[in-house]
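Asks: Following is a predicted model, sequence given first.
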Amino acid sequence: MTIFLIYSIFVALTFIAIPFLTVRFKGIITLFVVIINSIMSGMIALPILLGEELEIIFNGTLITGEIPIRIDALSAWFIVVINFTLVTGAIYGLHYMKAYKNQTHNISLHCIAYLLLQVALMGICAIQNAILFLFAWEIMALSSFVLVIFEHNKRATLKAGINFLIQSHISILFLTVAFIWVCYRTNSYDFNAISVFSTNNPSVISFGLYLFFFIGFSIKAGFVPFHTWLPYAHPVAPAHISGIMSGVIIKIGIFGMLRMLLLITTDFTILGSLILIFSVISGVYGVMLAIIQHNIKTLLAYHSIENIGIIGIGIGLGTIGIGENNPTLVILGFGGGLLHVLNHSLFKSLLFFGAGNIYQATHTLNIEKLGGLIKSMPHTAILFLIAALAICGLPPFNGFISEFLIYSGLFNGIENKILLNVFIFLFSILGLVLIGGLALLCFTKAFGIIFLGKPRYQFHGTVKEAGKWKLIPMYLIAAFIISIGIFPQFFMQILTKLIQLFTNKIIQPSELAINFQPYDTLQNIGLCALGFIALGITIYWIRTKITALKPKIIAPTWGCGYVANSEKMQYTASSFIRSFRKLAEPLLLIRKNKTEVTGVFPKMGEHKTHPLDKMEEWLIAIPLRRMYFIFGKFRFIQNGNPQIYVLYGAIFIVLIIGLPLLYNAFLKLIEFINLI
Amino acid sequence: MISLPLIIIASLFFMGIVIRTKSITSGRKGPGIFQPMKDVFRLWKKGAVYSETTSFIFQIAPSIYFASVLMAILTIPFGEYPGLVSFNGDFVFFAYVLAIGKFFSIIGALDTGSSFEGMGASREALYSLLAEPAFFILMGSFALFTGHTSFVDIFTSLHFGTYISYALGILATFILIMIAMIENSRMPIDDPKTHLELTMVHEVMILDNSGFDLGLILYATNLKFAMYGALIANFFIESLPIYISILIFLAVQFTFAIIVGILESFNARFRMGNNAQFIFTLTSLSLLIFFGVLLILKKIV
């Protein structure tokens, strides 16, 4: 208890102090507090992850009721993941923000919001009282809004920020309705009331309740079709914030879904199938849109949707496992999903930091303008490559481990008694394979065009590698990515307690229980990964030994007989994905502007493509346009004339007073008529 | 363990047989069956020309590509003898380790900054992405059929009993042959002997590779063919004595090579634009296998 008190006083003091410090110290003190916070919460969380449980109940107030702070393995896992990303983000951000050091006040706000975000996220993980949970959720939404709109003098930034703010509040609306529903029935704001609610009510009602939670949380997590805020908010934020948004904030939606899954009892098979279908659609749709993007950060943002889809496939699989009393599916599904939460937060923040380095070196995020950066920014290039390989789910990196677990679950689950589930599993396998292949296409494009070949555009000034303090956190993340790829069994061991929370939900394990040993298999995969690295190095070593003595000539790239090669003749990102675009065009929405080359002496011709989001167009843009049209008819009411507004006021007052009188008079009239 | 030396032996003559078949069908005598391997050895002894545009990616890409093919071969069993690497779900590892090699060969092509190599890279990425679902559904069907999720368990418990299962075996063989053709960029998809860079897939990606690296890439193609041949052979090697199964293995490889040669001789390359549809039909074929398995297990009807 005292720890909590000291902790909160300490953080509060920092909030007050930050505006009075010089710019340099603002950042340093923020980083310092973030690290202290992380160490403290890590010290609480780590033992819990290994088996202890923590429950503190504060008395609370009349309105909130008792405030239970419960930290179980699920909270602990997310606390650890969140803090790691926040610390690396803070170290990176400290040096990223140097470019903006004359915006003093803006930076104060940024630092305070960063700390608030951390506190709010810890709160969300720990607090189990509905009202306070929503408070923390709101603080998280607002502080991340402030963080996103750092460059608020740009119109696009502000627009994206407001979009984010509105959608966050729609999410809060759904959560509030769900919590009120529970409280109305059980008279308690404690989370345990939710499980009481769902055991006392029929399964259909619990299912309905879960749907409310699911929609609320999936707006935050970015499941299709609730994802539309994400591709706007990620690109406009500073790089470290994009990394945190993608690595942590959308994961808190996943946390919410898992928390509610632990509390609710319902028909898990149907619920799992629902989650599975949603996730597969999110995954495939996310990556299909990612491929056609020209802005590297938008591309990465769509990949977040894809990865949320992969996490969702894991969760759906595990949920079906609970429904069918099959512990193997639960272990593989939730194990894969939860590991992917960590994995995605690692490689996605690394990719966003890499994008930040590129942005600060070249001042553009347009892939088509970049090229050949590997020569001027070798460290960023290697780190980006590692992250790109990991996000494609390729061995020997971490993405493969979690995807492998999910694949194993799907292949195990396909021997299902119910035919419909067999097809759902088949559909998921198909989806996951397509996601993997499309991600490969997307990241060969991103890495190949940005870093390889010749520069496509002449930038002002020379392009320089990022400073070492930006690279150090990135190397730290890369080290984790590789170590998870090589020692997966160790990380799976950490998840044991957490997965047990879910296996405990199984009432009676069926006899086709554990026929799969995830730990042994993972150990094998780790060894294979190591073997693959060794094999690659050996072959390369043999190659260098043999070719060392041979003549070596450096010459221009072979232009198939054409000798005047220029950098403009290189393959571009758009041409690289053209055949995919042609193939997928019916499913996507791409606006094209074409100016044909005409005449004997043509002036210029151009072909522009603007990838749009079809879901957004259908679900948000078109309904909004209809609404504008209908409400536009009433625009004459708001004509800017003060006298008329006074008249409105007067009419309003008259109506307020008059309507009840009229109503009474009407009632009397009816009575009178009845008398007759 | 026994599969690795066998695949390597098969890889030595595989391409030679393909070329010999093509020569005979077109009325020529053709080179000896070890000629392609002699070419590879010759390349391994040569020096190299590197483009000034390239970076270290171009240097490491062929080695990693070759390593990925070798690693994939290690997962292939031989009848009831598991590969060096064998665990539940190893076919996922097999597909993904091949994918990392592909990733590197694609970025290796992009590294040259050439206007042609990007074209091949783009096609390679798209075609392999479209071919992948067919393989996974195929393996998923057999996982459902046998109740196991590793190569060796699937192959040892795969017993053809009914007529439907023979049909499935033939379909699976067909799909694997087609996947091998796509992965190695051979005839209906890509014409390795074409003179026009615009219509190449794999060949145009390696335009700038020379010397040892080119040798590695060419040999990797041979290995890949032998690897798919070994996968197909595994359908037919039940638990027979080892000397018979080795003979069956070699016979399957031999037939496979002749089939490839005949396919290449009497088939024209498809239009580039229609390749995607063709590759995707493989997925529907593998769905047929899936339904066949459901039929056998009496899940439907």
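Replies: Nice, I can see it. Numbers count the residues shown, from 1 in each chain, chains lettered A, B, ... in the order given.
Asks: C-alpha only now, for contacts and for neighbours.
Replies: Fine.
Asks: Next one: the residue in the stretch 201-350 of chain A positioned nearest to chain B from residue A:578, what distance?
Replies: Using CA to the nearest CA, residue A:291 is the residue of the stretch 201-350 of chain A that sits closest to chain B, at 11.6 Å. Distance from residue A:291 to residue A:578, counting by CA to CA, to the nearest Å: 10 Å.
Asks: And those two? Which one has more around it.
Replies: The residue with more neighbours, out of residue A:291 and residue A:578, is residue A:291; 26 against 16, by other CA atoms under 10 Å in any protein chain shown.
Asks: So what's the residue count around residue 294?
Replies: Using chain A. Residue A:294, neighbours per other CA under 10 Å, totals 20.
Asks: try chain B instead
Replies: Residue B:294 has 18 neighbours, counted by other CA under 10 Å.
Asks: if I've got this straight, it is in a helix?
Replies: Yes - looking at residue B:294 with DSSP: H, G, I helix; E, B strand; the rest coil, it is inside a helix.
Asks: could you pull out the helices for chain B?
Replies: Here chain B has its helices, by DSSP state H, at B:3-25, B:35-45, B:56-74, B:90-110, B:117-146, B:151-156, B:163-183, B:202-205, B:211-236, B:242-266, B:272-296.
Asks: Which residue is the nearest non-sequential neighbour of whichever residue of chain B sits closest to chain A?
Replies: For chain B and chain A, the shortest gap (CA to the nearest CA) falls at residue B:113, measuring 3.8 Å. Once flanking residues are discounted, residue B:113 sits nearest to residue A:453: 3.8 Å by CA to CA, 6 or more residues apart in numbering or on different chains.
Asks: got a list of what the one you found touches?
Replies: Going by CA atoms under 8 Å, 6 or more residues apart in numbering or on different chains, residue A:453 touches A:371-372, A:570, B:53-54, B:110-114.
Asks: Which other helices and strands does the least confident helix or strand in chain A by mean pLDDT contact?
Replies: Sorting the helices and strands of chain A by mean pLDDT, DSSP states H and E puts helix A:2-17 at the bottom, at a mean of 80. Packing contacts for helix A:2-17, counted by 3 or more CA pairs under 8 Å, 6 or more residues apart in numbering or on different chains; DSSP states H and E, involve helix A:23-49.
Asks: Can you name the next helix or strand after the helix it packs on?
Replies: strand A:54-61 (DSSP states H and E).
Asks: any idea of the angle that following strand forms with helix A:23-49?
Replies: Here the directions of strand A:54-61 and helix A:23-49 differ by 120 degrees (axes from the mean of the first three to the mean of the last three CA atoms, to 10 degrees).
Asks: Not counting its own residues, what contacts strand A:54-61?
Replies: Residues from elsewhere that reach strand A:54-61 (CA under 8 Å, 6+ apart): A:1, A:48, A:65-72.
Asks: Which residues are in contact with the most centrally placed residue in chain B?
Replies: Nearest to the mean C-alpha position of chain B, counting by CA atoms, centre = their mean, stands residue B:180 at 3.4 Å. Contacts for residue B:180 (CA under 8 Å, 6+ apart) come out as B:224-225, B:228.
Asks: Close to chain A as well: tell me which of the residues you listed qualify.
Replies: Residues of the contacts of residue B:180 in contact with chain A (CA under 8 Å from any CA of the partner chain): none.
Asks: ok, and for the longest helix that chain A contains, which residues are buried?
Replies: Assignment by DSSP H gives helix A:327-362 as the longest helix of chain A. Of the residues in helix A:327-362, A:327-362 count as buried by neighbour count, 16 or more other CA atoms under 10 Å in any protein chain shown.
Asks: Tell me the first helix or strand C-terminal of it.
Replies: For helix A:327-362, the succeeding helix or strand toward the C-terminus, using DSSP H and E, is helix A:373-376.
Asks: touching chain B at all, that next one?
Replies: Yes - residues of helix A:373-376 are located near chain B by CA under 8 Å from any CA, namely A:374-375.
Asks: Show me what the next helix or strand after that helix packs onto, helices and strands only.
Replies: Where DSSP H and E defines the elements, the next helix or strand beyond helix A:373-376 is helix A:378-391. Contact here means 3+ CA pairs under 8 Å, 6+ apart; on that basis helix A:378-391 packs against helix A:327-362, helix A:373-376, helix A:398-413, helix A:419-451, helix A:468-486.
Asks: pLDDT value on residue A:513, please?
Replies: What the model reports as pLDDT for residue A:513 is 49.
Asks: So residue A:423 versus chain B, what's the distance?
Replies: Noted for residue A:423: a distance of 10 Å to chain B, by CA to the nearest CA, to the nearest Å.
Asks: Next, count neighbours for that residue.
Replies: A count of nearby residues for residue A:423, using other CA under 10 Å, gives 13.
Asks: Of all the residues in the helix or strand hosting residue A:271, which ones are buried?
Replies: Secondary structure from DSSP H and E places residue A:271 in helix A:268-291. Buried residues in helix A:268-291, counted by 16+ other CA under 10 Å: A:268-273, A:275-291.
Asks: That helix to helix A:419-451, inter-axis angle?
Replies: Orientation of helix A:268-291 against helix A:419-451 (the same axes, to 10 degrees) gives an angle of 20 degrees.
Asks: just checking, what packs against helix A:268-291?
Replies: Applying 3+ CA pairs under 8 Å, 6+ apart, one finds that helix A:268-291 makes contact with helix A:296-323, helix A:419-451.
Asks: buried residues in the last one?
Replies: Which is helix A:419-451. Judged by neighbour count (16+ other CA under 10 Å), helix A:419-451 contains these buried residues: A:421-422, A:424-451.
Asks: Show me which residues of the stretch 151-300 of chain B sit near chain A.
Replies: B:197, B:207-208, B:212, B:273, B:276, B:299-300.
Asks: Farthest-apart pair in the residues you listed, please.
Replies: Using CA to CA, these span at most 54.1 Å, a distance reached by B:212 and B:300.
Asks: With neighbour numbers in mind, choose between these two.
Replies: The neighbour comparison of residue B:212 against residue B:300 (other CA under 10 Å) goes to residue B:212, with 25 against 11.
Asks: Against residue B:192, how distant is the nearest residue to that one once chain neighbours are set aside?
Replies: With sequence-adjacent residues excluded and distances taken as CA to CA, 6+ apart, residue B:212 is closest to residue B:44, at 4.3 Å. Distance from residue B:44 to residue B:192, counting by CA to CA: 21 Å.
Asks: so what pLDDT did the residue of chain A found nearest chain B get?
Replies: As assessed by CA to the nearest CA, chain B sits closest to residue A:453 within chain A, at 3.8 Å. The score at residue A:453 is 89. That number is its pLDDT.
Asks: which secondary structure element contains it?
Replies: Counting by DSSP H and E, residue A:453 is part of no helix or strand.
Asks: and it, backbone torsions?
Replies: phi 80, psi -160 (degrees, to the nearest 10).
Asks: same question, the one 4 residues further on
Replies: Torsion angles at residue A:457 (phi, psi; degrees, to the nearest 10) stand at phi -150, psi 140.
Asks: Check for me that residue A:557 belongs to a strand.
Replies: No - according to three-state DSSP, residue A:557 belongs to no strand; its state is coil.
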